[in-house]
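*Asks:* Give me a model of this one.
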Amino acid sequence: MRRLLGDLFSVDPRDLPLQAPPGLPPELARGWGGVSLSHCCDAVLVGWAPDRLGVDLERRDRAVPARALAERFFLEPECRALRGLEGQALREAVLDLWVVKEAAIKWQHGSIARDLSQWSCQPEPDLAVHRTGEWTLAVQRWQVGDWTLAMTGSARPEAGQAGILCLA
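*Replies:* Numbering: from 1, shown residues only. Below you'll find the predicted structure:
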């Protein structure tokens, strides 16, 4: 992460004002933008934006108990949208929602255990909305190779959220 951001800012990675204590989300010093990190068994995703952001990735072939996850952690409109899906289609749809919710939680600096059921994915426009209504985030999603990725950030048009992602 330091090397990538050092290249982005044209600074020595050791001089980058990045704090990344174990168990806490990485943060850049004020004025350097926002950074987010995600990883799975064979990939790392680093995201940077001028404002706070959250990123997540999962392998597209990850085996998950899709129906059980949806029933436990997804809100009714999301569960309704998943009705009628089975097998691989259900698993892929659940993973697609999961990465958005996890990216939103990273934006929030929250925890999956506490916050997963607090975020709702809305398809048009592509938004993540916190149950309290306090936060609404713009969502971008991609399927790249073996992975599905999501990035969340400010939904304010004036914020001009233009993120940079690096998948390694």
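
*Asks:* now stretch 103-112: how far from the chain's centre is it?
*Replies:* Stretch 103-112 sits 8 Å away from the centroid of its parent chain (C-alpha atoms, centre = their mean, to the nearest Å).

*Asks:* what does stretch 40-57 give?
*Replies:* 7 Å.

*Asks:* State the mean pLDDT of it.
*Replies:* Averaged over stretch 40-57, pLDDT sits at 94.

*Asks:* For it, list every residue counted as buried.
*Replies:* By neighbour count on 16 or more other C-beta atoms under 10 Å, the buried set for stretch 40-57 is 43, 45-50, 52-57. Where you see a C-beta, it was placed from the backbone N, CA and C, and this is true even at glycine.

*Asks:* Nearest residue to the middle of the chain?
*Replies:* A103 (1.9 Å; C-alpha atoms, centre = their mean).

*Asks:* Please name the residues that touch that one.
*Replies:* Contact partners of A103, counting by C-beta atoms under 8 Å, 6 or more residues apart in numbering, are S36, S38, G54, V55, D56, A128, V139, A150, M151, T152.

*Asks:* That one: helix or strand, and which one exactly?
*Replies:* Element membership for A103 (DSSP states H and E) is helix 87-108.
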